[in-house]
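Student: here are the coordinates; sequence isn't available:
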């Protein structure tokens, strides 16, 4: 009988246990759903963007602009190499075999036209200097006497001999200034064969290649001098593009893709490179502050003369957010929302917008990266708070 009494009680206990277990499970599931809903709300809230007043935007460096279609030029960007301006450069080499006696300038030094660069010496020059002194003194004697006293033949011979001796020392490398000082002194002991090589222009010593005492052959380059206040940049473009480039083409140069300087197209090559199928474009750029140096590689951006209407925004308005390309669009008063866009071609510092925003939309053209940082920080803060 005891067993018959206990059995119903056991059944009641099992039912009650099942009821309480179901409530516990339902309670846990209900709590999970609540958490899930809250997380979805947080995620939706983060996607809403940021709310910044005009004062807050100004303090954060955020600048808004209403976008519209604008006339843009088709641009191409190609690599370029900086070169010395050959029209303002010179190679210094002796005209006769000579020995280096002394140097007067060093590599990298800025020199003025007429500056003594190096002193050379050679026996042939000593002979020529001696002949010039003799011829000059004879010419002065004949002139002082006059044609009426000396024969016409002697007068002419004296003049020709002096001119011939003068031409010889000049051809060997003496400057006219040196010759004049040499003749004014009238001292035969100065005919040592030494002579200075002078700078033919203002410029910088870009190369030197000799040592004191070295015997230098004619044509051997001792120095290279170039006036770097203007430089050339050579860029190579495809043959199909060259036809749209001329002296009026807008062009700019950058050494770091951030700072750009305007330049000018001065020459288009008429010869196609057979290996690369490209043509050379020579560009001239002012370089008063030594911003560029020969041998550097730079970026060259050329704008075709024709223009077209495109919806474009500054490149700095576009940022990458969670793997998507976005701009920050103003909506609902002071709310800035990340808006996904599709980007097309580049037009200088601007990017073409193919889709995502329309003409008349107001977006952040400056400070977009700061807005991205604020948005990510706000999402991170909500996650930790939760």
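Tutor: Arrived safely, thanks for sending. Bear in mind the structure is a predicted one, so any value in this text is a computation, not a measurement.

Student: which ones are touching the most centrally placed residue in the chain?
Tutor: Central residue of the chain (CA atoms, centre = their mean): residue 255, 2.4 Å from the mean position. Contacts of residue 255 were listed using CB atoms under 8 Å, 6 or more residues apart in numbering, and they are 291-292, 296, 298-299. Yep, even glycine has a C-beta here, placed from its N, CA and C like the rest.

Student: 6 Å instead?
Tutor: By CB atoms under 6 Å, 6 or more residues apart in numbering, the residues touching residue 255 are residue 298.

Student: Now do it against residue 233, distance only.
Tutor: Note on residue 255: its distance to residue 233, by CB to CB, to the nearest Å, is 10 Å.

Student: quick one on the thing from earlier: and the residue nearest to the centre of the chain, what pLDDT?
Tutor: pLDDT recorded at residue 255 is 93.

Student: Next up, phi/psi of it, please.
Tutor: Here is the backbone geometry of residue 255 (degrees, to the nearest 10): phi -100, psi -10.

Student: Quickly note the distance from it to residue 293.
Tutor: Distance of residue 255 to residue 293, given as CB to CB: 10 Å.

Student: Please work out which residues outside stretch 218-234 touch it.
Tutor: For stretch 218-234, the external contacting residues (CB under 6 Å, 6+ apart) are 80-85, 88-96, 117, 202-208, 210, 253, 280, 282-288, 292.

Student: how far does stretch 193-203 sit from the chain's center?
Tutor: Taking the mean of its C-alpha atoms, stretch 193-203 sits 33 Å from the chain's own mean (CA atoms, centre = their mean, to the nearest Å).

Student: I figured residue 364 hits residue 62, correct?
Tutor: Yes: with contact defined as CB atoms under 6 Å, residue 364 reaches residue 62; the gap is 5.3 Å.

Student: Please look at residue 175 and residue 198 and confirm they touch.
Tutor: Yes: using CB under 6 Å, residue 175 is in contact with residue 198, at 5.1 Å.

Student: neighbour count winner among these two?
Tutor: residue 198 (20 against 17; other CB atoms under 10 Å).

Student: who's in contact with the more buried one?
Tutor: Taking CB under 6 Å, 6+ apart as the criterion, residue 198 is in contact with 114, 116, 175.

Student: Spatially nearest residue to the second one (excluding sequence neighbours)?
Tutor: Looking back up the chat, that one is residue 116. Leaving out its chain neighbours, the residue that sits closest to residue 116 by CB to CB, 6 or more residues apart in numbering is residue 196, at 4.3 Å.

Student: Then the first one?
Tutor: Nearest in space to residue 114, with sequence neighbours left out and distances taken as CB to CB, 6+ apart, is residue 198 at 5.4 Å.

Student: which residues does that neighbour bridge with?
Tutor: With DSSP bridges as the criterion, residue 198 is bridged to residue 116.

Student: where does the protein dip in pLDDT?
Tutor: Within the chain, the segments meeting pLDDT under 70 span 1-48, 72-74, 239-244, 304-307, 348, 381-386.

Student: which residues in it form helices?
Tutor: Assigned by DSSP state H, the chain shows helices spanning 2-47, 54-59, 123-145, 152-172, 176-185, 239-242, 368-385.

Student: ok, residues contacting the second one?
Tutor: Spelled out, that is helix 54-59. Outside helix 54-59, not one residue touches it by CB under 6 Å, 6+ apart.

Student: Could I get the buried residue list for it?
Tutor: residue 57 (16 or more other CB atoms under 10 Å).
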